[in-house]
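[1] Predicted structure and sequence below. I'll ask about it afterward.
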Amino acid sequence: MANTDQKKLEEFELIHWIQQQAGSGEHLSLGIGDDCSIQPQKAERDLLTSVDLLIEDIHFKRQWTNMFDLGRKSAAVNISDIAAMGGTPLSLFLGIGRPRTISDSEIKEFLSGFLTEAKTYGVVLTGGDSCASPGPLMISVTVQGEAASGEAICRQGASYGDAIYVSGSLGDSALALHQLQQGQQPDPFLNQRFHTPAPQVPLGQELAKRHLATAMLDVSDGLLADLGHILDASEVGAELNLSEIPLSTPFKKALASDATLIDFALAGGEDYELVFTSPLKDLDQLINLPHVVTRIGSISQKSGLRIRHSNGDLYHCQRGGFDHFNRQR
Ligand code: ADP
Ligand code: MG
């Protein structure tokens, strides 16, 4: 634990340090340092904006992560919201509520991780706010991005007969969290999926540019809950094939000794993979997509979400998705 009596950088010294590290971007005519940043607007482009809160002991525990990875994840989960629309992320805004127990070097570690992740996706830290917090560490991240006018992929738009796809593998992050909660040390791959998820920006952009998806979102609260949002918004139902849910090798290894772990892939959350629907039935064969996608089911006429074993029997998932006001994790 950091020494709370240690003299801290002044607010403006910290902001000056952030400003030096953040750099600037071609899309901005003014970045950090004034009352507002300025971004000249382009014709034929829609502005996408999203905000996420990360609160200590709800979204993360400081004993399970290091500040650099926490910074990376804070940027990544927000950038993922732009990926989920098929957009291009441009700017991040960072609000920090800092408890006295966080040292200057820890806050700088956090910012270094945040900026590293931002730079990986060509995104610029464009503004924010920095305050003391009497309680937990609080992080508020706003992301802005753009899409060609009218081409952002929304949750509504799925229709009967569309195939349902998911990128990458599911359940890794939730399994890592489960193992941490049990006092176990997760496999390094699962750990990495939990602590430093990778937003699927190139895949989202490709799907939007080629008009391949009718509806899309990123899996943050679990496949079933998130796909449920697409079904609600699109007013359709779905059938999923349990045996088609994509699983990583470390996940399958754990599943071999406990079959109930499959529910982490269905309802675990924090995968930050993309789920989308498409009238095309063979997108999983397209090798020139930037990230592997798997067809897991199809949109049905009948409302509701059914999961089937390969013999046609229904499977009932025992877990619900994550709901902040009725926590289950
Ligand atoms: P104001 O009084 O207008 O809120 P501040 O003194 O809080 O201004 O911030 C000065 C500048 O530093 C602003 O451009 C603001 O966006 C930026 N800034 C403050 N905190 C952060 C932060 N945590 N990350 C990025 N930029 C920040
Ligand atoms: Mg301020």
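    Great, that's in hand. Ligands and ions are numbered 1, 2, ... in the order given.

[2] number of nearby residues for the closest residue to Leu212 other than its chain neighbours?
    Distances taken as Cβ to Cβ, 6 or more residues apart in numbering put Ser278 closest to Leu212, at 5.5 Å, once the chain neighbours are dropped. Glycine gets a C-beta too; all of them are placed from N, C-alpha and C. For Ser278, the neighbour count with other Cβ atoms under 10 Å is 22.

[3] List the beta-bridge partners for Ser278.
    In this entry, Ser278 is beta-bridged to Ala163, by DSSP bridges.

[4] just checking, it touches Thr214?
    Yes - using Cβ atoms under 8 Å, Ser278 is in contact with Thr214, at 6.2 Å.

[5] Could you identify the helix or strand that succeeds the helix or strand where Ile18 lies?
    Using DSSP states H and E, Ile18 falls within helix 11-22. Using DSSP H and E, the helix or strand that follows helix 11-22 in sequence is strand 45-55.

[6] name the helices or strands packed onto that following strand?
    When contacts are defined as 3 or more Cβ pairs under 8 Å, 6 or more residues apart in numbering; DSSP states H and E, strand 45-55 packs onto helix 67-83, strand 138-148.

[7] mind listing what the last one pairs with, with the direction of each?
    Yep, that's strand 138-148 we're talking about. The strands beside strand 138-148 in its sheet (DSSP bridges) come out as strand 45-55 (antiparallel), strand 88-98 (antiparallel).

[8] Report whether the first one contacts ligand 1.
    Spelled out, it's strand 45-55. No - using Cβ under 6 Å from any ligand atom, strand 45-55 never reaches ligand 1; the gap is at least 13.3 Å.

[9] Can you point out the buried residues in that strand?
    Leu48, Ser50, Asp52, Leu54, Ile55 (16 or more other Cβ atoms under 10 Å).

[10] Same list (those) but as a markdown table, adding pLDDT.
    Output for the buried residues of strand 45-55, formatted as a markdown table (pLDDT from 0 to 100):
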| residue | pLDDT |
| --- | --- |
| Leu48 | 98 |
| Ser50 | 98 |
| Asp52 | 96 |
| Leu54 | 96 |
| Ile55 | 96 |
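
[11] nearest to Pro202, of the residues you listed?
    The nearest member of the buried residues of strand 45-55 to Pro202, counting by Cβ to Cβ, is Leu48 at 16.2 Å.

[12] can I assume that closest one is in contact with Leu90?
    No - using Cβ under 8 Å, Leu48 makes no contact with Leu90, being 9.0 Å away.

[13] who touches both of these two?
    Counting by Cβ atoms under 8 Å, 6 or more residues apart in numbering, the common neighbours of Leu48 and Leu90 are Gln144, Gly145, Glu146.

[14] would JSON lines of these with pLDDT be doable?
    Listed next are the shared contacts of Leu48 and Leu90 as JSON lines, based on pLDDT from 0 to 100:
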{"residue": "Gln144", "pLDDT": "98"}
{"residue": "Gly145", "pLDDT": "98"}
{"residue": "Glu146", "pLDDT": "98"}
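
[15] what about stretch 272-280, how long is it end to end?
    End-to-end distance of stretch 272-280 (Cα to Cα, to the nearest Å): 23 Å.

[16] actually stretch 291-308, not the one I wrote
    Length of stretch 291-308, first residue to last, Cα to Cα: 26 Å.

[17] Check which residues of that stretch are buried.
    Of the residues in stretch 291-308, Val293, Thr294, Arg295, Ile296, Gly297, Ser298, Ile299, Ser300, Leu305, Ile307, Arg308 count as buried by neighbour count, 16+ other Cβ under 10 Å.

[18] Next: stretch 171-189.
    Going by 16+ other Cβ under 10 Å, stretch 171-189 has these buried residues: Gly171, Asp172, Ser173, Ala174, Leu175, Ala176, Leu177, His178, Gln179, Leu180, Pro186, Asp187.

[19] I'd guessed the first one sits against Glu273; true?
    The reference is to Gly171. No - Gly171 lies out of contact with Glu273 (Cβ under 8 Å); the separation is 10.2 Å.

[20] show me what contacts the residue nearest to Leu212?
    Residues near Ser278 by Cβ under 8 Å, 6+ apart: Asp162, Ala163, Tyr165, Leu212, Ala213, Thr214.

[21] still on that earlier bit, take the strands paired with strand 138-148 and write them to TSV, including distance to Pro250.
    TSV is the format used below for those (distance: least, Cβ to Cβ, whole Å):
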stretch	distance to Pro250
strand 45-55	25
strand 88-98	29
